[in-house]
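> 3D model of this:
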Amino acid sequence: MWEVRAAPGRLPDLLGWVRGTAVPELLGTPACLRVDVYDAADERVVVIARFAGTPARLPEPPAGLLRRPAHAWPFRHLSTYRATHP
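Here you go, the predicted structure:
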């Protein structure tokens, strides 16, 4: 999981970098299964990538796009739960 806050007014640029640079790089990693991108009202972006093996790290975004350095945590997937609706 990767999380960062965009510099003021730079959320569209940061999302463009995530979609155009970071996601293709992750998907080009042989072990990558899936990449999900989320944003929030406070100009925060979260990327969750699933890997079948050793996870890859996202590249460093251009410094001018960030309010603060990115945070990253590797997690191990344990299970998935889905809602069952009548």
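
> Now the strand or helix carrying Arg50: average pLDDT?
Assigned by DSSP states H and E, Arg50 belongs to strand 44-51. Average pLDDT, strand 44-51: 94.

> Any chance you could list what contacts it?
With Cβ atoms under 8 Å, 6 or more residues apart in numbering as the test, strand 44-51 has contacts from 1-6, 11, 14-15, 18, 22-23, 26, 29, 31-40, 55-56, 58, 77. C-beta: built from backbone N, CA, C; applies to glycine.

> Restricted to helices, list those residues.
Among the contacts of strand 44-51, the members found in helices (DSSP state H) are 11, 14-15, 23, 26.

> Buried ones among those?
Neighbour-count burial (16 or more other Cβ atoms under 10 Å) is assigned, among the ones in helices among the contacts of strand 44-51, to 11, 14-15, 23, 26.

> Let's have those residues in TSV, adding pLDDT.
Conversion of those to TSV gives the following (pLDDT from 0 to 100):
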residue	pLDDT
Leu11	96
Leu14	97
Leu15	97
Val23	96
Leu26	95
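
> number of nearby residues for Val37?
15 (other Cβ atoms under 10 Å).

> Can you check the pLDDT for it?
97.
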